[in-house]
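Undergrad: A predicted structure for the sequence below; I have some questions about it.
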Amino acid sequence: MRIQGLRSSDAAELDARIRRAKAALGKRAVILGHHYQREEVYRHADFHGDSLQLSRAAAEQEAEFIVFCGVHFMAEVADILSRPEQASILPDLNAGCSMADMADMPQVQRAWEELATVIDVEQEVTPVTYVNSSAALKAFCGVHGGTVCTSSNARKVLDWAFGQRPKALFFPDQHLGRWTGYQLGIPLRDMPVWDPSLPLGGLTPEEIRRARILLWKGHCSVHQMFQPAHIERWRREHPQGQVIAHPEASFEVCQMSDAVGSTDFILRTVKASPPGSAWLVGTEINLVTRLASEVRAEDKTVEFMSPMVCMCSTMFRIDPEQLACSLESLLAGQVVNRIQVDPETAAQARLALERMLAVS
C-alpha cells in the first residue's frame, strides 16, 4: 500500500520536506540506500552500498528506526539483524524483487525432498541462497546448515559451502552461481540448471549425482538485457575501452568482460582507473548514470551497456514523496510500512546470515 501524504510536483519542496523531517528525527532514524536507488532518494541516505554493505550497516545501527530505500528482502534483512525494539521500514511495500519471486519456500522444499530420493541430501548438499530471496528461504538455509551470499562474497561463501558438503544447491540466480562456480574451476557440465516446474528439476539421477552446483532456474530481468553484441559494438567503437559487468549478467557477457563484480566492485574499479579511461558498464542504469557523473571531471567515459533503458522497476518505486511521508509519519508517532519477520523465521534466517558475515 502506498503511503498517503501531500502530493507535490515540486522536487525542491519534497527535498526540503525530507531534510526537515530527517533533521527533526536526528539519531532516532537512519536511512539506508542501495546503489540502484534514484538520485533524488539516494542523496538522503546516511549509508550507501550493495547488499553486503547494507546488511552490515543494518546490524550495526543504534537508531530506533531503519528506513530502507531498497526492496522488500533488504528490509527483511534489516529486521532480522537489528534488535527487537528497532523498526525496519520500507517506504513502499510494493518494492519487491522479481528474481526473489522466482524461488519460494514450497518450491525449494519440494526440490530438497526430490533430491533426497537420489542422494543423501543432508550429507551431500549445502543450500546457499542469494541475498535476493525471502526471509523464509534464508531460514531454510539456516535450518539445513547452509548460508546466504551476496555478489560481493559469493566466491568465499561457495568455497565455505564446499568445505561443509561436496555439493551446493544455489538459488535463485543461476547466473551468479554459474559464474562463481566457474571462477572456482567447476566445469559447466557439473553445474546443471534445476527447473522447479519439472520433476527432479528436469535432471536425470546421474546428472544430479555428478553435479557440484545445482543452479536454480532464476535470473534478474535487468541484467538479462545485456548481450554479447553490445560488447562487440563497444569494442569496435572504443578499441582501448574496457568492459565491466555484474555477475547477474549472462555467462557469455561475463566471459567477454574485462572485469566482473558487485556494484561496489564496479564503482571502486572505475573510480580507481586512470583519467581518460572509457568503460562500458553492465548493471542497473541509476548506478551507471551516477557513476558517469562522478568521474566526468577526470575525463572518464562511462556508458550503459544496453542501448535500451532498463532499470530495476521495483527499486524505482520508492520516490521522494514516499520517503518524505515515511519520515513525517515517524515524527507524528506513526510507524508506517514496518517490515517484521516472525521470530522463528528470523532466528533461523539469522543463523544463515551470521554464517555469511563470518565468512565475509
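TA: Noted; the coordinates are in hand.
Undergrad: Let me know how buried residue 22 is, in neighbour terms.
TA: 20 (other CB atoms under 10 Å). All C-beta atoms are positioned from the backbone trio N, CA, C, and that covers glycine.
Undergrad: wouldn't residue 79 be in contact with residue 346 here?
TA: Yes: with contact defined as CB atoms under 8 Å, residue 79 reaches residue 346; the gap is 7.0 Å.
Undergrad: The two: which is more packed in?
TA: residue 79 (24 against 20).
Undergrad: For stretch 288-304, what is the distance to the chain centroid?
TA: 23 Å (CA atoms, centre = their mean, to the nearest Å).
Undergrad: in it, what's buried?
TA: 288, 289, 290, 291, 292, 295, 300, 302, 303, 304 (16 or more other CB atoms under 10 Å).
Undergrad: The closest residue to the fifth one other than its chain neighbours in helix, strand or coil?
TA: Counting by CB to CB, 6 or more residues apart in numbering, the nearest residue to residue 292 once its immediate chain neighbours are dropped is residue 302, at 3.8 Å. In three-state terms, and counting by DSSP: H, G, I helix; E, B strand; the rest coil, residue 302 is strand.
Undergrad: what does the average pLDDT come to for the helix or strand that residue 163 is a member of?
TA: Using DSSP states H and E, the element containing residue 163 is helix 154-164. Averaging pLDDT along helix 154-164 yields 97.
Undergrad: what about the closest residue to residue 271 other than its chain neighbours, distance to residue 320?
TA: Closest residue in space to residue 271, ignoring its immediate chain neighbours: residue 295 at 6.3 Å, by CB to CB, 6+ apart. Using CB to CB, to the nearest Å, one gets 25 Å for the distance from residue 295 to residue 320.
Undergrad: swap in residue 170?
TA: From residue 170 to residue 320 the distance is 37 Å (CB to CB).
Undergrad: got the domain boundaries for this structure?
TA: The chain breaks down into these domains under automatic domain parsing: 11-95+314-340, 100-219, 223-304.
Undergrad: Least reliable of those domains by average pLDDT, please.
TA: domain 11-95+314-340 - the lowest mean pLDDT of these, at a mean of 91.
Undergrad: Settle this for me: residue 257 is touching residue 241, isn't it.
TA: No: using CB under 8 Å, residue 257 is not in contact with residue 241; the gap is 11.6 Å.
Undergrad: The two: who's more crowded?
TA: Each of residue 257 and residue 241 has its neighbours counted (other CB under 10 Å); residue 257 has more, 22 against 16.
Undergrad: circling back: which of the buried residues of stretch 288-304 lies closest to residue 54?
TA: Residue 54 lies nearest to residue 290 out of the buried residues of stretch 288-304, by CB to CB, at 16.4 Å.
Undergrad: tell me the SS of the closest one?
TA: helix.
Undergrad: For the stretch 1-150 of the chain, which segments count as strands?
TA: Counting by DSSP state E, counting those that start in this stretch, the stretch 1-150 of the chain has strands at residues 29-34, 47-49, 65-69, 87-89, 125-130, 147-149.
Undergrad: CSV for those strands, including mean neighbour count and distance to residue 59?
TA: Below are these laid out as CSV (neighbours: other CB atoms under 10 Å; distance: least, CB to CB, whole Å):
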stretch, mean neighbour count, distance to residue 59
strand 29-34, 24, 11
strand 47-49, 19, 12
strand 65-69, 26, 10
strand 87-89, 23, 12
strand 125-130, 27, 18
strand 147-149, 30, 13
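Undergrad: Indicate which one of these is closest to residue 250.
TA: strand 125-130 (15.9 Å).
Undergrad: same for that closest one, what does it pack against?
TA: helix 105-115, helix 135-143, strand 147-149, helix 154-164, strand 167-171, helix 174-183 (3 or more CB pairs under 8 Å, 6 or more residues apart in numbering; DSSP states H and E).
Undergrad: Out of these, which is the most enclosed?
TA: Most buried of the helices and strands packed on strand 125-130 by mean neighbour count (mean count of other CB atoms under 10 Å) is strand 147-149; its value is a mean of 30.
Undergrad: Report the strands that pair with that one, each with its relative direction.
TA: strand 125-130 (parallel) (DSSP bridges).
Undergrad: Run through who's touching the partner strand.
TA: Contact partners of strand 125-130, identified using CB atoms under 8 Å, 6 or more residues apart in numbering, comprise 99, 103, 108, 112, 115, 119, 137-138, 140-141, 144-151, 154, 157-158, 161-162, 164-165, 167-173, 176-177, 214, 352.
Undergrad: Now the residue of the chain most remote from its centre: which helix or strand?
TA: Most distant residue from the mean C-alpha position of the chain: residue 206, 32.7 Å away (CA atoms, centre = their mean). Using DSSP H and E, residue 206 sits within helix 205-210.
Undergrad: what helices or strands is that helix leaning on?
TA: Secondary elements touching helix 205-210 (3+ CB pairs under 8 Å, 6+ apart): none.
Undergrad: Show residues contacting that helix.
TA: 115, 118, 119, 189, 190, 192, 200, 201, 214.
Undergrad: can you do 6 Å?
TA: Under the criterion CB atoms under 6 Å, 6 or more residues apart in numbering, residues 118, 192 lie in contact with helix 205-210.
Undergrad: what do you get for stretch 50-68?
TA: With contacts defined as CB under 6 Å, 6+ apart, stretch 50-68 is touched by 28-32, 47, 74-75, 77-78, 81-82, 87-90, 131, 150, 152-153, 262-264, 326, 330.
Undergrad: That one: end-to-end distance?
TA: Distance between the two ends of stretch 50-68: 12 Å, counting by CA to CA, to the nearest Å.
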